[in-house]
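[1] What follows is a predicted protein model with its sequence.
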There are 2 protein chains.
Amino acid sequence: MTRRLAEVAKKVGVSEATVSRVLNGKPGVSEATREAVLTALDVLGYERPTQLRGDRARLVGLVLPELQNPIFPAFAEVVGGALAQQGFTSLLCTRTVGGVSEADYVDLLLQQQVSGVVFAGGFYAQADAPHGHYELIQERKLPTVLVNAAVDHLGFPQVSSDDYVAAEMAIGHLRALGHRRIGMVLGPRDHIPSRRKLEAFMAAEEADPGLVEHTMFSLEGGHAAATKLVNSGVTGIVCASDILALGAIRAVRRAGLSVPDEVSVIGYDDSAMMNCTDPPLTTVRQPIDAMGRAAVDMLVALIERAVVPADELLFEPELVVRASTARARI
Amino acid sequence: MTRRLAEVAKKVGVSEATVSRVLNGKPGVSEATREAVLTALDVLGYERPTQLRGDRARLVGLVLPELQNPIFPAFAEVVGGALAQQGFTSLLCTRTVGGVSEADYVDLLLQQQVSGVVFAGGFYAQADAPHGHYELIQERKLPTVLVNAAVDHLGFPQVSSDDYVAAEMAIGHLRALGHRRIGMVLGPRDHIPSRRKLEAFMAAEEADPGLVEHTMFSLEGGHAAATKLVNSGVTGIVCASDILALGAIRAVRRAGLSVPDEVSVIGYDDSAMMNCTDPPLTTVRQPIDAMGRAAVDMLVALIERAVVPADELLFEPELVVRASTARARI
DNA sequence: CAAGTGCTTGCAAATTCTTGCGTGAATAGG
DNA sequence: CCTATTCACGCAAGAATTTGCAAGCACTTG
């Protein structure tokens, strides 16, 4: 009935093929014909068929594990801003304790016909967590980018900061200050970024596997883990997040020691306000600005059907020396 | 008999399936057909069965102005958790600098058929900001709850912490410590919670209107405002947010003075990590846990068609004395 | 608890658009 | 005047999208 392209073709007296070529800017159409088609297109008010995902919603899901650690809100702001610039709207999905799981959010996002998803700090980073929902995403060919180290077999493009180098920097900084007995507070054992940091730790000279503690990413976790390390006599503690580091500082003080005079503490992330803490926290900064932007660029490329290799893009972290680290006493 | 969806389908000359797809924003419908269906829907005054609307998505929008101030992520966690317990999923919408406005998010949420919306710190709190999108919500009768003081005429139920009392507490605390020259750093002039705090300030003894500064809610804003106040010789500064207070502390130190020995600073919110700052911040806590839960309860009641008065539920804040305030020197 | 109503959704058919290939016309060169 | 080359264009295969059918699901009703 409404053979729209065919109608235009008939009006101009050419074949559908020619009209199609004009619409797509393909060569092989004479200037006169092209113009005639263009005019008819205009007159008949032709609208190109909606390129489904591209034009429909322009929604992108951003899935985060929590909002307590300020790095995640900060990352959300970067990604949200970058997406907005490209004409996308971001939907922030945060796992809640008693409630919505990552898989639930994936279902939701698929149902809402989002154009793509950015995951940060999700289950993909934990070897023992369920990964079924990621397969679902792959089946549906939904453009997806992961932020920070993931388990191996997923095959999504990734944007990460280099955990190995970050741990090296932190340990190197402490060793340069004369620390020899250095402890590490990491996330769960199956957490890939923590594993990478552990590798760097084990590669360092005089590394003592007994001085590595695994815990949850919370202030209390950092406190508990650091208490054990302090009891083992460390003079320097490298933490896998700033929150852990704040917990560690509290633990050191509870033990009657001073930071940084007796024990140095290094965080990771450089989240907001870490320069307002007591003492201002020495930490390894994740370049979240660059990472967020890169993740969005990749995602948009995927959405536009470009071929993006499922590689991991590694970003170099940066040591930010403040006042929670000092020369070793002894 | 009254196959309502079928009726629309017949009128447009398509199948029920197509109408259903349009109603649910599913892909696979041409733009022309979609428009035709939408028109017919409008003409025939189709209303989707009430149950489907509530049951299908169980989505609630949570609209926040930013994520830099940790009070907003914290609030998002509370509300998200409370909603999850009630079987709702929250969609976090954050205004981004160059990008998506509050009105855009309202459009989006309406289009996504959310069951309700919670606004916190939105344009409703600013007298001079555009309010058109709130009217749109009222027209559509979308259940909505506002958090913290709003301009008068909107008529949504509200959950607020009592700004007047909060300011009284802060000022009372400083006066009890012997401070007489007290300054105040507030948000924009048209910001209702700031106005309420100003009222309390003006009602206090010896209040000097010259010691009130209005600024943006950012560390830099607090810094700038506090610098002026310090130059005016205040010994105590009451700030309208913790972030402003951190900026104020920085300003006091830049002026070569000490907090709290020479100038006392009080924040507002008691956001996370304010006990880790240097010095630990004395602040007035918003009971966000109770507020968030109350907001969700109200919203759920609204969604279930209960009658909820469009009142303002006032929550009592709480003074948390840490180490950024001390007895006045002189 | 079966039957019915109203809506949603998987699947396959129908429609619409894209593209490789070949034809024929116009032009140029021999 | 004949042949080679180029170029626009249509044909038709095939890729992609839209649409209806009918099964299925959630809920109500007899």
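    On my side now, so go ahead.

[2] any chance you could map the strands in the stretch 101-250 of chain A?
    A:116-120, A:144-147, A:158-161, A:182-186, A:212-214, A:236-239 (DSSP state E, counting those that start in this stretch).

[3] and the shortest one, what does it pack onto?
    Using 3 or more CB pairs under 8 Å, 6 or more residues apart in numbering or on different chains; DSSP states H and E as the contact test, the elements touching strand A:212-214 are strand A:182-186, helix A:192-203, helix A:219-231. Where C-beta positions appear, they are placed from N, C-alpha and C, glycine not excepted.

[4] rewinding a little: want to try TSV for the strands of the stretch 101-250 of chain A, with mean neighbour count and mean pLDDT as columns?
    TSV is the format used below for those (neighbours: other CB atoms under 10 Å in any protein chain shown; pLDDT from 0 to 100):
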stretch	mean neighbour count	mean pLDDT
strand A:116-120	26	93
strand A:144-147	27	94
strand A:158-161	23	96
strand A:182-186	28	98
strand A:212-214	20	98
strand A:236-239	32	98
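
[5] Residue of the stretch 151-300 of chain A nearest DNA strand C, please.
    The nearest approach of the stretch 151-300 of chain A to DNA strand C comes at A:Val300, 21.1 Å away (CB to the nearest atom of the strand).

[6] returning to that earlier point: most tightly surrounded among the helices and strands packed on strand A:212-214?
    strand A:182-186 (a mean of 28; mean count of other CB atoms under 10 Å in any protein chain shown).

[7] Would you enumerate the residues in contact with the nearest residue to A:Glu77 once chain neighbours are set aside?
    Spatial nearest neighbour of A:Glu77, chain neighbours left out: B:Leu67 (5.3 Å); criterion: CB to CB, 6 or more residues apart in numbering or on different chains. By CB atoms under 8 Å, 6 or more residues apart in numbering or on different chains, the contact list for B:Leu67 reads A:Leu67, A:Pro73, A:Ala74, A:Ala76, A:Glu77, B:Pro73, B:Thr94.

[8] Which of the residues you listed sits closest to B:Gly236?
    B:Pro73 (29.2 Å; CB to CB).

[9] That closest one: how many residues sit nearby?
    29 (other CB atoms under 10 Å in any protein chain shown).

[10] Same question for A:Val308.
    Neighbour tally, A:Val308, other CB under 10 Å: 17.

[11] Surely it and A:Met298 touch.
    Yes - at 5.5 Å, A:Val308 counts as touching A:Met298 under the criterion of CB atoms under 8 Å.

[12] Helices of the stretch 201-330 of chain A, residue ranges please.
    Secondary structure of the stretch 201-330 of chain A, counting by DSSP state H, counting those that start in this stretch: helices at A:219-231, A:242-254, A:288-303.

[13] Nearest to A:Val114 among these would be which one?
    Of all the helices of the stretch 201-330 of chain A, helix A:288-303 comes closest under CB to CB, at 9.9 Å.

[14] and the closest one, anywhere near chain B?
    No - Helix A:288-303 lies out of reach of chain B by CB under 8 Å from any CB of the partner chain, never closer than 11.7 Å.

[15] Buried residues of that helix, list them for me.
    Residues of helix A:288-303 classed as buried under the neighbour-count rule (16 or more other CB atoms under 10 Å in any protein chain shown) are A:288, A:291-300, A:302-303.

[16] give me the number of residues near A:Leu23?
    Residues near A:Leu23, counting by other CB under 10 Å: 15.
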